[in-house]
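[1] got a predicted structure here, sequence first:
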Amino acid sequence: MELTHLRYFKTIAEHGSMTAAAKAMNVSQPTITVAVKNLERELGTTLLLRNRDGVTLTEAGQELVRHATEVFEVLSRAERTIHGLQNEDTGRFVVGCHESLGAYFLPEMMARFLDDWPQIEVSLKNATSASVRDAVIARSVDFGLVVNAESHPELVMLELFHDAVDVFVAAHLLERGSPREVLMSRPLVFVPRVGQCWTIINRLKDQGICPPRMLQCGDWELTKSLALAGVGVALLPRRVAAYGQRGKLVPLEAGMPSVADTISLLFRADMHRTRAAMRLKDAIVSHGKKLEAEAPS
């Protein structure tokens, strides 16, 4: 069933005659007549009766008009919604990031963004950087904040700011002995699935100063909590060590091995770049550049 034919029929019902409908639609009367015949043939029924004063809808015709009115109302709502998505500050998006990265990156950025753009809805997904990248590719996440992202032909990757995994210790432990004494007398707390940790461990071994005891953890947050409690010396990203606990975790000693990290924003190259999507992208980029200008402490 063609929408044009349905629109013609609805206009006939509204104007009460084919002549008036043809004039209203700016088409010839034969065009209107053919449209009605096509509808009646497709539906296998008579839709209207012609008389001296115009036309009268049959019961089937009245039913078709009711449904046609609903169809065009739905299409009108869809048109308004799509126009709003394209040109207005409305939309729904999912931002994915690692939990620890999100803990220091998202609060300030999200508070400002949601105040500035109250009609844009954002939900958050926590996962590893690799999982977030895969979710962006799979379209289940719109924007991904990822550490040391691998490029992909379907992704746009914008570098935001830098960090580094370093050797940290609770400041109060350094009051009990030299940095090397603290390092060798306490467990080394780290996340084994993070490759940067093993790079640092191997460098410590090469220097003959790797602690004899190791304490493996599932994530940065537990590593940080254990370090704050003085359980041991920890391998942590500098920004993770700094947020919320300024000055309580300090680098163990100058010259300790460290591994640089790059935090990037990922989104699909074929993303529908609505106004709202670009608002969110620009807010993330702006906050990332702000962090780049602020050295963690």
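    Everything's here; your move. As the structure is a computational prediction, the values presented were derived from the model and not from experiment.
[2] my guess is Val194 meets Asn148, correct?
    No - Val194 is beyond contact range of Asn148, at 10.0 Å (criterion: C-beta atoms under 8 Å). (Glycine included, C-beta is placed from N, CA and C.)
[3] settle it for me: which of these two has more neighbours?
    Val194 (21 against 15; other C-beta atoms under 10 Å).
[4] got a list of what that one touches?
    Contacts for Val194 (C-beta atoms under 8 Å, 6 or more residues apart in numbering) come out as 165, 235.
[5] contacts for the helix or strand harbouring Val240?
    Secondary structure assignment for Val240, by DSSP states H and E: helix 238-242. Applying C-beta under 8 Å, 6+ apart, the external contacts of helix 238-242 come out as 100-101, 103-104, 163-166, 168, 220, 224, 227, 234, 249, 291, 296-297.
[6] next step: those residues restricted to helices.
    Counting by DSSP state H, the part of the contacts of helix 238-242 found in helices is 100-101, 103-104, 220, 224, 227, 291.
[7] tell me the gap between the helix or strand of the chain with the lowest mean pLDDT and the middle of its chain.
    One helix or strand of the chain scores below all others by mean pLDDT, DSSP states H and E: helix 59-87, with a mean of 80. In this view, helix 59-87 has its centroid 31 Å away from the chain centroid, taken as C-alpha atoms, centre = their mean, to the nearest Å.
[8] what stretches of the stretch 151-297 of the chain score poorly on pLDDT?
    Along the stretch 151-297 of the chain, segments meeting pLDDT under 70 span 296-297.
[9] which residues in it form strands?
    Assigned by DSSP state E, counting those that start in this stretch, the strands in the stretch 151-297 of the chain fall at 155-170, 188-190, 214-216, 233-237, 249-251, 259-268.
[10] what helices or strands is the fifth one leaning on?
    Pointing back at strand 249-251 there. strand 155-170, helix 220-228 (3 or more C-beta pairs under 8 Å, 6 or more residues apart in numbering; DSSP states H and E).
[11] the first one pairs with which strands?
    Translated: strand 155-170. Here strand 155-170 has these sheet partners by DSSP bridges: strand 233-237 (antiparallel), strand 249-251 (antiparallel), strand 259-268 (antiparallel).
[12] with that, I have no additional questions.
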